[in-house]
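Asker: okay, predicted coordinates and the sequence, questions at the end:
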Amino acid sequence: MTLPKSWKNGPVSRLLAQFVESYNSSKTISNELAASDLHIATRRENTPSYNNNNTTPQTTTTTTTTTTIPLPCDGNVIDVINDRADLYILHGPFKTRAQLAEDARKIADEQKSSAAELASCTHFGCRKKFPRGGPYPTCQYHVSPPVFHETAKFWSCCPNKKAYDWDDFQAIEGCRMGNCSEVKEDMG
């Protein structure tokens, strides 16, 4: 749908009202939409994350996810919608900028509190996270720290397993099995 130039400084809620009115005026629909039950959102692709499959060290998959970003009903069209952006009409009430900011703050607080409750394994090569105080999951780790020499990357306990790419280095399986630990062991 192409918008008139005069709409660029109008609120996003007006855009939704126009869409709903246009949709409901169509003679081919059997169910009408209510603008009060809908909101407009856009999507953003997140940076790819790399997941290492522990069964095969050379297998690395890339996953790209998209995040739905609700638009504020009181926001100006020109300020919150990028030129030629894809817009999505979704179920759920429209929220104001203040309500969206409060929701984002609550999510950030929840993420901080859940991150504070998690501990990272201190074993070399294990990247698992678990609740502080246990239960401790099993992990496959390296006994000695990594070595980075020129372009070669390897674990000092496994000098015959060298990698020249970071992802390949991350995929080198540990040489010892045990349980994750919160306590850093002395190298002594």
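Answerer: Ah, there it is.
Asker: partner strands of the longest strand seen in the chain and their direction?
Answerer: Counting by DSSP state E, the longest strand found in the chain is strand 38-45. Strand 38-45 sits in its sheet next to strand 66-70 (antiparallel), strand 88-91 (antiparallel), going by DSSP bridges.
Asker: relative to N31, which of these is closest?
Answerer: Set against N31 and scored by C-beta to C-beta, the strands paired with strand 38-45 come closest in strand 88-91, at 12.8 Å. C-beta here means a position set from N, CA and C on the backbone, and glycine is covered the same way.
Asker: can you map out the helices along this structure?
Answerer: 12-24, 77-80, 97-116, 166-170 (DSSP state H).
Asker: which residues sit in contact with F94?
Answerer: Applying C-beta atoms under 8 Å, 6 or more residues apart in numbering to F94 gives the contacts V12, S13, L16, L38, H39, I40, P72, C73.
Asker: tell me the confidence at the fourth one?
Answerer: Reported pLDDT at L38 in the predicted model: 91.
Asker: V20 is in contact with that one, correct?
Answerer: Yes. Counting by C-beta atoms under 8 Å, V20 is a contact partner of L38 at 6.9 Å.
Asker: now L118. Nearest residue, chain neighbours left out?
Answerer: K129 (4.5 Å; C-beta to C-beta, 6 or more residues apart in numbering).
Asker: looking at it, the one you found is touching A116, isn't it?
Answerer: No. Distance between K129 and A116: 11.6 Å, which falls outside the contact criterion (C-beta under 8 Å).
Asker: neighbour count winner among these two?
Answerer: K129 (14 against 9; other C-beta atoms under 10 Å).
Asker: quick check, pLDDT for that one.
Answerer: For K129, the model assigns a pLDDT of 88.
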